[in-house]
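Visitor: structure for the following, please:
(one chain, ligands or ions: 2)
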Amino acid sequence: MKRIGVLTSGGDAPGMNAAVRAVVRTGTYHGLEMFGIEHGYQGLIDGAIRPMGARDVGGIINRGGTLLRTARCQAFYQPEGRAKAAEQLALYKIEGLVVIGGDGSYQGAEKLYEEHGIHCIGVPGTIDNDIGGTDFTIGYDTALNIAVEAIDRIRDTAQSHDRLFFIEVMGRHSGYLAMMSGIAGGAEEILVPETPTDVQRLARDLEQGVAKGKTSSIVVVAEGDDAGHAMDVAKKVSELAPQFTDWRVVVIGHIQRGGTPTAFDRILASRLGLAAVEALVEGETGKMAGISGNNVALRPLSEAWECRTQFNPNFLRVARVLSR
Ligand code: ADP
Ligand code: F6P
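Guide: Residues are numbered from 1 along each chain as shown. Ligands and ions are numbered 1, 2, ... in the order given. Reported below is the predicted structural model:
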């Protein structure tokens with residue numbers, strides 16, 4: 001393998017730039033020609049491909065977002081779209097691809113290999129930390145710390161005004177980020193999509209908190225909770241427990257996806273980016289470079305969507321016991 005391309009795909013995550021840097025520098029270290037592909041699979045189809053050298057990735061390890069840009073690409077779901085992408089890769093004589101993104105991006109990568117023989121290695125990048133085959137995804141730690149800082153700030157004002165706050169944390173299908181930020185932020189209640197939410201019980205628990213002397217409370221709501229968004233939950237609680245007249249809702253939103261990556265995410269991205277390129281050099285394909293017990297581990301790409309990170313009910317217990 002002489003030429004390798006790298007792209008970022010799906011939702012961006014802090015630390016993706018550190019991963020791109022690691023991929024490009026590992027490639028140049030091994031004497032390979034490296035190419036950056038802009039806007040994920042869309043750029044691959046459009047031929048938005050440029051050579052990248054070690055100096056092109058200087059000064060980006062600390063930057064959020066992705067300098068390669070990212071995209072969601074409808075055309076890539078179709079065989080014709082993937083055929084166009086393969087034509088572009090052939091034009092540039094690129095034989096291997098590092099795909100930095102989530103399990104959707106890996107499903108596309110898997111098809112690109114099956115249909116066109118392009119060797120693909122995945123690097124997990126998403127703030128949701130919901131990908132099977134890796135303990136952590138790049139961006140999760142940064143997003144967690146941003147959410148916790150937001151909760152801390154809100155707690156100050158909640159305590160000052162004796163208020164009930166509902167804070168929405170990202171996670172359309174996964175409550176991991178909400179759960180961890182709720183535990184670290186000392187939230188009274190944490191609602192996640194993986195467990196059914198009983199709003200009546202929630203209202204009762206909040207009332208009991210007041211009876212036990214709590215003057216303010218924080219409820220963390222994962223974006224994808226079955227009871228709805230934070231505003232929906234807040235309205236339902238205020239109807240069931242009218243004693244809460246002074247409540248507020250905060251949606252942290254995309255603030256969680258931006259900003260300087262933490263040291264943890266930079267190190268993770270550096271290790272996984274390096275491993276991904278070396279896997280391609282060794283002839284691997286259809287694998288993801290993930291982290292398992294602080295060791296880099298190559299796992300089949302399909303694990304990413306077939307063995308989604310299981311929700312650990314012990315975390316819920318920690319949250320419940322410690323918030324009473
Ligand atoms: P993520 O990679 O973060 O899970 P998405 O699920 O949005 O994000 O996937 C990113 C892109 O990967 C999609 O826009 C599409 O181009 C491609 N993709 C996702 N799933 C598939 C699939 N089943 N087949 C082909 N391409 C896919
Ligand atoms: O995958 C990360 C994530 O932040 C999800 O938690 C969220 O639902 C989604 O991306 C939102 O992404 P966008 O606003 O880009 O569609």
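Visitor: report how many residues lie close to the closest residue to ligand 2 within the stretch 151-300 of the chain.
Guide: Per CB to the nearest ligand atom, Arg172 is where the stretch 151-300 of the chain lies closest to ligand 2, at 3.1 Å. Placement of C-beta: from N, CA and C, glycine included. Arg172: 11 surrounding residues under other CB atoms under 10 Å.
Visitor: how about Ser181?
Guide: 28.
Visitor: over to Lys212?
Guide: Look at Lys212: counted by other CB under 10 Å, it has 8 neighbours.
Visitor: could you do Lys235 as well?
Guide: Using other CB under 10 Å, Lys235 has 15 neighbouring residues.
Visitor: give me the element it is part of.
Guide: Per DSSP states H and E: Lys235 is located in helix 230-240.
Visitor: give the buried residues for that helix.
Guide: For helix 230-240, a neighbour-count test (16 or more other CB atoms under 10 Å) marks 230, 233-234, 236-238, 240 as buried.
Visitor: do that helix and ligand 2 meet?
Guide: No: counting by CB under 6 Å from any ligand atom, ligand 2 is not contacted by helix 230-240; separation bottoms out at 13.6 Å.
Visitor: repeat that for stretch 306-316.
Guide: No: Stretch 306-316 stays clear of ligand 2 (CB under 6 Å from any ligand atom), getting no nearer than 12.8 Å.
Visitor: mind checking the end-to-end distance for that stretch?
Guide: 24 Å (CA to CA, to the nearest Å).
Visitor: and that stretch, what's its mean pLDDT?
Guide: The average pLDDT for stretch 306-316 rounds to 83.
Visitor: quick check, that stretch touching ligand 1?
Guide: No: Stretch 306-316 lies out of reach of ligand 1 by CB under 6 Å from any ligand atom, never closer than 11.0 Å.
Visitor: assumed Ile291 was part of a strand.
Guide: Yes: under DSSP: H, G, I helix; E, B strand; the rest coil, Ile291 falls within a strand.
Visitor: burial count for it?
Guide: Ile291 has 20 nearby residues by other CB under 10 Å.
Visitor: is it true that it touches Ile138?
Guide: No: the criterion here is CB atoms under 8 Å, and Ile291 misses it with Ile138 at 9.6 Å.
Visitor: so what's Gly186 closest to, chain neighbours aside?
Guide: Ser323 (7.0 Å; CB to CB, 6 or more residues apart in numbering).
Visitor: that neighbour touches Leu206, doesn't it?
Guide: No: if you go by CB under 8 Å, Ser323 and Leu206 don't touch, sitting 10.7 Å apart.
Visitor: residues from the stretch 1-150 of the chain in reach of ligand 1?
Guide: The stretch 1-150 of the chain comes close to ligand 1 at residues 9-11, 41, 72-73, 76-77, 101-105, 107-108, 111, 126, as judged by CB under 6 Å from any ligand atom.
Visitor: mind checking which of those land in strands?
Guide: Under the assignment DSSP state E, these contribute Gly101 to strands.
Visitor: ok, of the residues of the stretch 1-150 of the chain next to ligand 1, which come out buried?
Guide: Among those, the ones that count as buried by 16+ other CB under 10 Å are 9-11, 41, 72-73, 76, 101-105, 107-108, 111, 126.
Visitor: now do the helices in the stretch 1-150 of the chain.
Guide: Per DSSP state H, counting those that start in this stretch, the stretch 1-150 of the chain carries helices over the ranges 16-29, 40-46, 79-91, 103-116, 140-161.
Visitor: on that earlier part again, quick check: phi and psi on the residue of the stretch 151-300 of the chain closest to ligand 2?
Guide: The phi/psi pair for Arg172 (degrees, to the nearest 10) reads phi -70, psi -40.
Visitor: likewise Trp247?
Guide: Dihedral angles for Trp247 - degrees, to the nearest 10 - are phi -120, psi 160.
Visitor: per-residue confidence at it?
Guide: Reported pLDDT at Trp247 in the predicted model: 98.
Visitor: tell me who's in contact with it.
Guide: Neighbour list for Trp247: 163-166, 234, 237-238 [criterion: CB atoms under 8 Å, 6 or more residues apart in numbering].
Visitor: likewise Phe136?
Guide: Phe136 is in contact with 124, 129, 264, 268, 291, counting by CB under 8 Å, 6+ apart.
Visitor: could you verify that the third one is part of a strand?
Guide: What that stands for is Phe264. No: the assignment for Phe264, made by three-state DSSP, is helix rather than a strand.
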